[in-house]
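Asker: Sharing a model prediction with you, sequence too.
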Amino acid sequence: MALYIDIHHHVEGLTKEAVAGAHQRDLEVQEKYGVDCQRYWFNEAEGKVFCLIEAPSKEAAEAVHREAHGLLADELIEVKEGA
């Protein structure tokens with residue numbers, strides 16, 4: 001499995017509650033795609049969201065967001081964890 005960070009650059013009307021709700025919906029469908037949506041961070045003022053996702057492929061990571069809430073990331077970057 002690969003580790004990805006996805007970036008949503010400008011989410012209109014972003015709030016703490018909206019991000020939490022979207023993440024919860026991700027958790028509800030992630031198993032269907034063999035994905036683990038591990039963590040998220042956000043900047044409410046800039047409308048930015050960052051998600052840490054473990055997935056078998058980029059397509060699987062995207063499929064979770066697509067089905068859960070339709071908010072696809074602007075960037076999806078494969079990363080490696082450091083020590």
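Answerer: Done, it's in.
Asker: switch to C-alpha atoms for all contacts and neighbour counts from now on
Answerer: Will do.
Asker: which strands and helices sit next to the helix or strand harbouring residue 65?
Answerer: Element membership for residue 65 (DSSP states H and E) is helix 58-68. Using 3 or more CA pairs under 8 Å, 6 or more residues apart in numbering; DSSP states H and E, the elements in contact with helix 58-68 are helix 16-29, strand 48-55.
Asker: contact partners of the shortest one?
Answerer: Contact partners of strand 48-55, identified using CA atoms under 8 Å, 6 or more residues apart in numbering, comprise 1-11, 19, 34-43, 61.
Asker: redo that, cut-off 10 Å
Answerer: Applying CA atoms under 10 Å, 6 or more residues apart in numbering, the external contacts of strand 48-55 come out as 1-12, 14, 19, 23, 30, 33-43, 60-62, 64, 73, 75-79.
Asker: what do you get for stretch 14-27?
Answerer: 11, 28, 30, 35-49, 51, 61, 63-71.
Asker: Could you export it as CSV, keeping only the C-alpha atoms?
Answerer: Taking C-alpha atoms only, stretch 14-27 is exported to CSV below (Å, rounded to 0.1, in the frame of the first residue of the first chain):
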residue,chain,number,x,y,z
LEU,A,14,-14.9,25.5,4.7
THR,A,15,-15.6,25.1,8.4
LYS,A,16,-14.3,22.7,11.1
GLU,A,17,-17.6,20.9,11.2
ALA,A,18,-17.8,20.5,7.4
VAL,A,19,-14.3,19.0,7.3
ALA,A,20,-15.1,16.6,10.1
GLY,A,21,-18.3,15.6,8.3
ALA,A,22,-16.5,14.9,5.1
HIS,A,23,-13.9,12.9,6.8
GLN,A,24,-16.5,10.8,8.6
ARG,A,25,-18.2,10.1,5.2
ASP,A,26,-14.7,9.0,3.9
LEU,A,27,-14.4,6.6,6.8
